[in-house]
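*Asks:* Everything below, folded, please.
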Amino acid sequence: MEVIVDRIENDYLVLELPNLKHINVLKDLIPDALEGDIIDIKINYEKRKKREEEIKVLSDTLFLE
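*Replies:* Next up is the predicted model:
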């Protein structure tokens, strides 16, 4: 999904969504963003799966001791 930095208001980026609605996001989360920038948002399924596996290993280690 692509969102557009519509404008910057104080500490917030006002992002325009594909459905033309707007949301505010703290500028600190995307500090280099400028008005007019297009930001790609995607779900990284591979990293999620890896993270889940790492958490399971940690959990198994904690509860087996």
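
*Asks:* how about the strands of the chain, start to end?
*Replies:* Secondary structure of the chain, counting by DSSP state E: strands at 2-9, 12-16, 22-26, 38-40.

*Asks:* Direction included, what does the third one pair against?
*Replies:* Think strand 22-26. strand 12-16 (antiparallel) (DSSP bridges).

*Asks:* in the chain, which helix or strand is least confident?
*Replies:* Ranked by mean pLDDT, DSSP states H and E, the helix or strand of the chain with the weakest confidence is helix 45-64, at a mean of 91.

*Asks:* Only C-alpha atoms, please: export that helix in CSV.
*Replies:* Presented in CSV, the C-alpha positions along helix 45-64 are these (Å, rounded to 0.1, in the frame of the first residue of the first chain):
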residue,chain,number,x,y,z
TYR,A,45,5.6,-12.3,6.3
GLU,A,46,9.0,-13.9,6.3
LYS,A,47,10.3,-11.7,9.1
ARG,A,48,7.1,-12.3,11.1
LYS,A,49,7.6,-16.1,10.8
LYS,A,50,11.2,-15.8,11.8
ARG,A,51,10.3,-13.7,14.8
GLU,A,52,7.6,-16.2,15.9
GLU,A,53,10.1,-19.0,15.7
GLU,A,54,12.6,-17.1,17.8
ILE,A,55,10.0,-16.3,20.4
LYS,A,56,8.9,-20.0,20.5
VAL,A,57,12.5,-21.1,21.1
LEU,A,58,12.9,-18.6,23.9
SER,A,59,9.5,-19.5,25.4
ASP,A,60,10.3,-23.2,25.3
THR,A,61,13.7,-22.6,26.9
LEU,A,62,12.2,-20.5,29.7
PHE,A,63,9.4,-22.9,30.6
LEU,A,64,11.4,-26.1,30.3
